[in-house]
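Undergrad: Predicted model, plus sequence, below.
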Amino acid sequence: MKIKTICCIGAGYVGGPTMSIIAQKCPHIKITVVDVNASRIAAWNDNNLNRLPIFEPELNDVVKEVRGRNLFFSTDVGKAIDEADMIFISVNTPTKTYGKGKGMAADLKYIELCARQIAKVAKQNKIVVEKSTLPVRTASAIKSILDNTGNGVQFQILSNPEFLAEGTAVQNLLKPDRVLIGGDTSTNEGEVAIQALVEIYSNWVPKKQILTTNVWSSELSKLTANAFLAQRVSSINAMSEICEKTGADIKEVSKAIGMDSRIGSKFLNASVGFGGSCFQKDILNLVYIARSYGLNEVADYWEQVVIMNEHQKNRFSDNIVSTLYNTVSGKKITFLGWAFKKDTNDTRESAAIKVADNLLNEQARISVYDPKVPKEKVYTDLDYLNTRSSSENKSLLTVNKDPYEACKNSHAISILTEWDEFKSYDWEGIYKNMQKPAFIFDGRGLLNKGELEKIGFIYYNIGTGN
Ligand SMILES: NC(=O)c1ccc[n+]([C@@H]2O[C@H](COP(=O)([O-])OP(=O)(O)OC[C@H]3O[C@@H](n4cnc5c(N)ncnc54)[C@H](O)[C@@H]3O)[C@@H](O)[C@H]2O)c1
Ligand SMILES: O=c1ccn([C@@H]2O[C@H](COP(=O)(O)OP(=O)(O)O[C@H]3O[C@H](CO)[C@@H](O)[C@H](O)[C@H]3O)[C@@H](O)[C@H]2O)c(=O)[nH]1
């Protein structure tokens, strides 16, 4: 079966980049990305590519090449569904904030809305692809909605989880470690649908890296991959605390263990804590699933990864307070970085938010600089916590466009995101304009301790005892 038209529901961090690359590699397929958020669609259609709704290295060039050729962004969800042979569901699946499973389970209301709309509109057989990250067995719920509310047309459901990481999305999509496709391997129609998607990826991904499985394995593999990745970060962060007590250095420990080919060297950077929209949400979802099957030991095991992460963020802010003579009340603390990692404007679950909230509770004044995160976003993130009024947040925290201004007169600088540009700042100049003693709390192990200490800074790093 040859796919000629694709619709992708959800123009976010996954839908936008993923469809841009499919469009680039498959010029014979017309792709329409749709979203209910009209301003997001307008931003994807903006002539000024620097105003695309998400910042991803190299993405602007790809969008420039394919937009208007075979990639289109629209708010007309019904029309795009109707025209498509294959529909990707790429909408958000956040943690539930209400009812049963609140704070743990994935909220599938957006997924269900998509399924109902597909069922309502579709007049011909369609392949529906789960691109969003979903609890294992969601495909059966989607199938049930489609079959029971549809117009009698046939639907095949595939699971095709996305493994891209933000900041490297384009390269991850161009050269994925693997593409995973789960489908109904027990029927001919299921096999045909699987092969239709395999054929799309085969335009640029070597066949041996395209893995096909049953639907449940595919859905669960996505949650498993994120759980393992996050577990590595929590494991190295747990060791960082032992390093600080014992005089061991976490970078040396990471290097030493990473040279064991069974462990591997990637994803072993101790930090102020993992952020991003996926790790916490997906682990909590896994914990919820395990509990719902009565697998309490399994649930406790994975939950500890999130508990450890909360602890890492809290102990980072606690260390700032205790080092600054047990009070930060009225003191200016500069945050370099607000995004959850470098090379993205995404701030979802960023460690910076929690650290800021803790320090504001201690009446610190915070000044933030991030090269890609707009001022309004910083305030929205803080207001969302509902810890204090929006006007209090605005009076206690300022957002600067200039990093040197942000650092002026501050008592301490805290590195929250590992943006490369921070490494080449004029640190001597920054030191001169700070209160003394001038402290740096490096939550990313980014800066050069020796050089900064030579200038006169008191420098604290995660995982290094002083
Ligand atoms: N962000 C990542 O790096 C990443 C990577 C892999 C997988 N995922 C998974 O992919 C999914 C999407 O993540 P994201 O970061 O792109 O989310 P996002 O919030 O950036 O984008 C989702 C979009 O879907 C739209 N939407 C919601 N309901 C809709 C509906 N009924 N009709 C039309 N549009 C609708 C929203 O308006 C939003 O723009 C999630 O399940 C996530 O776990 C994310
Ligand atoms: O050694 C490390 C590696 C990562 N992090 C932090 O962990 C978080 C997540 O980083 P990363 O995984 O690189 O970015 P994400 O975009 O969240 O990507 C993860 O989540 C996506 C959404 O499911 C998956 O598709 C990706 O495979 C998975 O890496 C960030 O705060 C990083 O700073 C560390 O602290 N130390």
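TA: All right, it came through fine. Ligands and ions are numbered 1, 2, ... in the order given.
Undergrad: what sits against the closest residue to N448 other than its chain neighbours?
TA: Closest residue in space to N448, ignoring its immediate chain neighbours: K423 at 7.9 Å, by Cβ to Cβ, 6 or more residues apart in numbering. In this view, the C-beta of every residue, glycine as well, is placed from N, C-alpha and C. Counting by Cβ atoms under 8 Å, 6 or more residues apart in numbering, K423 touches 446-448.
Undergrad: Now do the same for stretch 136-156: mean pLDDT, whole number.
TA: Mean pLDDT, computed over stretch 136-156, is 92.
Undergrad: how deep is the residue in the chain positioned nearest to ligand 1 tucked in, by neighbour count?
TA: Of all residues in the chain, the one sitting closest to ligand 1 is G12 (1.9 Å; Cβ to the nearest ligand atom). Counted by other Cβ atoms under 10 Å, the residues lying close to G12 total 20.
Undergrad: Narrow the contacts of K423 to those that are buried.
TA: Neighbour-count burial (16 or more other Cβ atoms under 10 Å) applied to the contacts of K423 gives 446-447.
Undergrad: I'd like the contacts of K423 written out as CSV, with pLDDT added.
TA: Formatted as CSV, these follow (pLDDT from 0 to 100):
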residue, pLDDT
L446, 98
L447, 98
N448, 97
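Undergrad: closest to ligand 2 among the contacts of K423?
TA: Of all those, ligand 2 sits closest to L446, with 11.1 Å by Cβ to the nearest ligand atom.
Undergrad: how close does the closest one get to L229?
TA: 21 Å (Cβ to Cβ, to the nearest Å).
Undergrad: touching ligand 2 at all, the host helix or strand of E310?
TA: Secondary structure from DSSP states H and E places E310 in helix 296-323. No: using Cβ under 6 Å from any ligand atom, helix 296-323 never reaches ligand 2; the gap is at least 8.9 Å.
Undergrad: can you tell if the longest helix along the chain touches ligand 1?
TA: Taking DSSP state H as the criterion, the chain has its longest helix at helix 215-246. No: residues of helix 215-246 are not located near ligand 1 by Cβ under 6 Å from any ligand atom, the shortest gap being 7.4 Å.
Undergrad: Tell me the buried residues in that helix?
TA: 215, 217-223, 225-227, 229-241, 243-244.
Undergrad: helices or strands up against it?
TA: helix 138-149, strand 155-159, strand 179-183, helix 250-258, helix 279-292, helix 296-323 (3 or more Cβ pairs under 8 Å, 6 or more residues apart in numbering; DSSP states H and E).
Undergrad: Just give me how far it sits from the chain centre.
TA: Put simply, helix 215-246 sits 15 Å off its chain's centre (Cα atoms, centre = their mean, to the nearest Å).
Undergrad: any idea of the mean pLDDT in that helix?
TA: Helix 215-246 shows an average pLDDT of 97 in the prediction.
Undergrad: Contacts (any at all) between ligand 2 and that helix?
TA: Yes: shown here: helix 215-246 in contact with ligand 2 (Cβ under 6 Å from any ligand atom) through 226, 229, 233.
Undergrad: what's the distance between the second one and F274?
TA: Here L229 is placed at a distance of 9 Å from F274 (Cβ to Cβ).
Undergrad: got it, and the first one?
TA: Applying Cβ to Cβ, the value for N226 to F274 is 10 Å.
Undergrad: Looks like E166 contacts P57 (just checking).
TA: No: in this structure, E166 is not within contact of P57 by Cβ atoms under 8 Å, at 10.2 Å.
Undergrad: Tell me which of these two has more neighbours.
TA: Just comparing E166 and P57: by other Cβ under 10 Å the higher neighbour count belongs to E166, 24 against 14.
Undergrad: burial measure for the residue lying closest to the more buried one once chain neighbours are set aside, as a count.
TA: Excluding the flanking residues, the one nearest E166 by Cβ to Cβ, 6+ apart is T344, at 4.2 Å. Other residues near T344 number 24, with proximity taken as other Cβ under 10 Å.
Undergrad: Report pLDDT for T344.
TA: T344 is given a pLDDT of 96.
Undergrad: In contact with it, which residues?
TA: With contacts defined as Cβ under 8 Å, 6+ apart, T344 is in contact with 54-56, 166-167, 372.
Undergrad: can you check S202 too?
TA: S202 sits next to I210 when contact means Cβ under 8 Å, 6+ apart.
Undergrad: Okay, it and G99: tell me how far apart.
TA: Note on S202: its distance to G99, by Cβ to Cβ, is 43 Å.
Undergrad: Close to ligand 1: what parts of this structure are there?
TA: Residues of the chain lying near ligand 1 (Cβ under 6 Å from any ligand atom): 9-15, 34-37, 40, 77, 90-93, 110, 113-114, 132-133, 162, 164, 166, 277-278.
Undergrad: Out of the residues you listed, which end up buried?
TA: Taking 16+ other Cβ under 10 Å as the criterion, what is buried in these is 9-15, 34-35, 40, 77, 90-93, 110, 113-114, 132-133, 162, 164, 166, 277-278.
Undergrad: filter those residues down to the ones near ligand 2?
TA: The residues of those that also fall near ligand 2, by Cβ under 6 Å from any ligand atom, are 133, 162, 164, 166, 278.
Undergrad: If we ignore the residues flanking it in sequence, what's nearest the residue in the stretch 301-450 of the chain that ligand 2 sits nearest to?
TA: The minimum distance from the stretch 301-450 of the chain to ligand 2, using Cβ to the nearest ligand atom, falls at K341 (3.9 Å). Distance criterion Cβ to Cβ, 6+ apart; nearest residue to K341, sequence neighbours excluded, is G167 at 5.7 Å.
Undergrad: Thanks again, I'm all set now.
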